[in-house]
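Have a look at this prediction, sequence included:
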Amino acid sequence: MDYTPPPLFKQGTSAVARLVIFVAISLALLIVDARFNALSVARQVAATVLLPVERVVLVPRDAVRGMFDYAQSSVTLATENRELRRNAVQQAEASVRQAELEAENNQLRKLLSLKERSATPVTTAEILYDARDPYSQRIVIDRGSQQGLRAGYPVIDERGVVGQVTRVSPFQSEVTLLTDKDQAIPVQVVRNGLRSVAFGGSRAGLLDLRFMAASADLQQGDLLVTSGLDGTYPPGLPVAKVVQIERKADTAFSRVYCEPVAGVRAHRQLLVVQYEANLPPRPADEPTGKSDKAERGARSAAARAAAESKAADKAEKADGKSDSKAARESAQ
């Protein structure tokens, strides 16, 4: 019997021998290529042939890497965008706050300068809240009777008159603005000294000079200041500027509208002028009976004087006639 293995299972060169042979061939090729660069052409040809295959093989890897990069970039960009928006909002708020602080600082400087130059005692105050309603225009300030305030004191800012203290509590006061419908302030035109009274409430935010003669010397842009005739406002405080004059041919009066020069709705800090007019007392009114009797006596005296004057005139005329008659008789 033949016990030789079939051709499929015949054993040739052992695996170790083949490994040694292939390693030797590889080392020989490496040495030859390193010394003589003999395989450069073969390497270039192989790289050129295998390049499409390499790119096809790398497509899945590049796709997965691109998706990860896109997701990471999207998250990074979204985070940076939120951060930039937050920084922009913070910078805008800081800029607005800085502008507000600068405006408030400038106003406080002007108020301090005005306070130092004022001959009348003044008290600084801050607006707590706005108490306006459809029928009145008022504000509430943080000073009251404990700080020496009284009803009737004028309230001003660095530009001019804002209003008047109308109600006082121990630590707060209510100020009625110039534009309130119940407010009236005697004013005077700086240019020519023309006096009038400015009323509020005619138009939103404007004052009205009522019953001004159509021929009155008024021009747009004229500055109105307090005349001081009411004893409430010291004279010379800026009040308003003339912005519109309506003259109609069918009436003897003109309508004059003025815009307040003070920042009625612009600032929070104000000055309360503790103004005391020190006006002399009014003459005492006489009792009604005595005044009527005196008036009747004055009328009687006037009537007697008129009668005596007429009698004297008649006597003079009679004397003149008699003198002329005597002269004619003597001439004859």
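Happy to help now that I have it. Numbers count the residues shown, from 1 in each chain.

where do the helices sit along the stretch 201-332 of the chain?
Ranges of helices in the stretch 201-332 of the chain, per DSSP state H, counting those that start in this stretch, are 288-331.

can you list the weak-confidence ranges in this structure?
1-12, 38-39, 132, 264, 278-332 (pLDDT under 70).

Next, name the residue at the spatial heart of it.
By Cα atoms, centre = their mean, the chain has its centre lying nearest to Ala266, at 3.8 Å.

Next, work out how far apart it and Arg255 are.
Distance, Ala266 to Arg255, by Cβ to Cβ, to the nearest Å: 27 Å. The way it works is simple: take the backbone N, C-alpha and C, and place the C-beta from them, glycine included.

And for Arg143?
For Arg143, the distance to Arg255 - Cβ to Cβ - is 37 Å.

Tell me which of the two has more neighbours.
Arg143 (23 against 17; other Cβ atoms under 10 Å).

tell me which element that one falls in.
Here Arg143, judged by DSSP states H and E, is contained in no helix and no strand.

got it, and Ile127?
Going by DSSP H and E, Ile127 is part of strand 122-130.

That strand pairs with which strands?
Sheet pairing here is set by DSSP bridges, and for strand 122-130 it gives strand 138-141 (antiparallel), strand 269-273 (antiparallel).

shouldn't Pro234 be in contact with Thr226?
Yes - counting by Cβ atoms under 8 Å, Pro234 does reach Thr226; the two are 6.6 Å apart.

all strands for this structure, in order.
Along the chain, the segments classed as strands by DSSP state E run 122-130, 138-141, 154-156, 161-168, 173-177, 184-189, 195-200, 207-213, 223-226, 238-247, 253-260, 269-273.

now the ones you listed in JSON lines, with distance to Ala99?
Shown next, in JSON lines, are these (distance: least, Cβ to Cβ, whole Å):
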{"stretch": "strand 122-130", "distance to Ala99": "19"}
{"stretch": "strand 138-141", "distance to Ala99": "23"}
{"stretch": "strand 154-156", "distance to Ala99": "24"}
{"stretch": "strand 161-168", "distance to Ala99": "23"}
{"stretch": "strand 173-177", "distance to Ala99": "25"}
{"stretch": "strand 184-189", "distance to Ala99": "33"}
{"stretch": "strand 195-200", "distance to Ala99": "31"}
{"stretch": "strand 207-213", "distance to Ala99": "30"}
{"stretch": "strand 223-226", "distance to Ala99": "29"}
{"stretch": "strand 238-247", "distance to Ala99": "26"}
{"stretch": "strand 253-260", "distance to Ala99": "24"}
{"stretch": "strand 269-273", "distance to Ala99": "16"}
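
out of the ones you listed, which comes closest to Ala63?
strand 122-130 (64.6 Å; Cβ to Cβ).

Can I get that closest one in CSV? Just the C-alpha atoms.
The C-alpha coordinates for strand 122-130 follow below in CSV (Å, rounded to 0.1, in the frame of the first residue of the first chain):
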residue,chain,number,x,y,z
VAL,A,122,-32.2,126.4,47.5
THR,A,123,-32.7,122.7,48.3
THR,A,124,-31.7,119.8,46.0
ALA,A,125,-34.3,117.2,45.4
GLU,A,126,-34.7,114.0,43.3
ILE,A,127,-37.9,112.9,41.5
LEU,A,128,-39.2,109.7,43.2
TYR,A,129,-42.0,109.0,40.7
ASP,A,130,-44.3,110.5,38.2
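
List of residues touching stretch 113-120?
Outside stretch 113-120, the residues that touch it by Cβ atoms under 8 Å, 6 or more residues apart in numbering are Val122, Thr124, Ile156, Glu158, Pro234, Leu271, Val273, Gln274, Tyr275.

quick one: which of those is most hemmed in?
That'd be Ile156 among the contacts of stretch 113-120, by other Cβ under 10 Å, with 24 neighbours.

nearest residue to that residue other than its sequence neighbours?
Distances taken as Cβ to Cβ, 6 or more residues apart in numbering place Leu271 nearest to Ile156, at 5.2 Å, with adjacent residues excluded.
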